[in-house]
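>>> Kindly generate the corresponding structure for this input.
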Amino acid sequence: MVLAKGYLETPLGLLEITANAVGITSISFTEKAEPGVESDLIVEAKTQLIEYFSGKRSEFDLEISLDLPPFHTCVLDAVQDIPYGTMRSYGQIARELGAANMAQAVGSANAKNPILIVIPCHRVVASNGDLTGYSGGLERKRKLLEMEGALRQVSLF
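Got it, this is the predicted structure:
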């Protein structure tokens with residue numbers, strides 16, 4: 001159950017942030033703000049996102065509350081471990097999880113990430129380095145990777 005909601009205008013558009021009593025439940029791009037009550041979790045998320053977009057933060061330290069199937073949770077845990085300024089392919093994550101033939105399932109789970117930017121699903125790309133599948137839009141994905149310096153990375157896929 002969502003208890004708090006807040007909004008943050010970023011260089012890439014308006015973010016909606018929701019939380020329950022345990023942690024952040026979603027961060028997504030939206031077109032307009034709606035009334036909501038902010039909590040301390042929302043305020044902290046906004047602070048950390050501002051630091052991220054200003055280049056002062058490369059890692060997030062937020063309580064997160066996910067209610068997803070176990071495989072999706074494992075995928076998003078692996079995605080959270082992708083360092084700032086780097087990328088991984090869906091296949092690499094599948095191999096890390098011991099499921100080398102499940103790159104498409106990894107892609108599907110990654111696409112269901114409810115907490116954009118903080119769980120950096122934008123850092124996951126196709127095995128050939130192509131930017132694919134980002135719920136915030138491919139142009140935002142490209143800009144996030146450019147901001148992090150990841151697009152200068154030599155491809156190791």
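>>> Longest helix in the protein, please.
Of all the segments of type helix in the chain, defined by DSSP state H, the longest one is helix 40-53.
>>> Show me what the mean pLDDT comes to for the next helix or strand after that helix.
Downstream of helix 40-53, the first helix or strand assigned by DSSP states H and E is helix 70-80. Averaging pLDDT along helix 70-80 gives 96.
>>> Buried ones in helix 70-80, by neighbour count?
Buried positions in helix 70-80, judged by neighbour count with 16 or more other C-beta atoms under 10 Å: 72, 74-76, 78-80. All C-beta spots, glycine's among them, are computed from the backbone N, C-alpha and C.
>>> With stretch 126-144 instead?
Buried-residue list, stretch 126-144, by 16+ other C-beta under 10 Å: 131-136, 140-141, 143-144.
>>> of all those residues, which comes closest to residue 2?
residue 135 (18.2 Å; C-beta to C-beta).
>>> Could you tell me which of the buried residues of stretch 126-144 belong to helices?
Per DSSP H, the buried residues of stretch 126-144 map to helices at 140-141, 143-144.
>>> Neighbours of the residue lying closest to residue 75 once chain neighbours are set aside, how many?
Leaving aside its chain neighbours, residue 75 sits nearest to residue 109 (3.8 Å; criterion: C-beta to C-beta, 6 or more residues apart in numbering). When neighbours are defined as other C-beta atoms under 10 Å, residue 109 has 24 of them.
>>> contacting residues around residue 109?
Contact partners of residue 109, counting by C-beta atoms under 8 Å, 6 or more residues apart in numbering, are 68, 71-72, 75-76.
>>> Which segments of the protein make up each domain?
4-53, 70-152 (automatic domain parsing).
>>> which sections of this structure are below the confidence cut-off?
Applying pLDDT under 70 to the chain picks out residues 1, 152-157.
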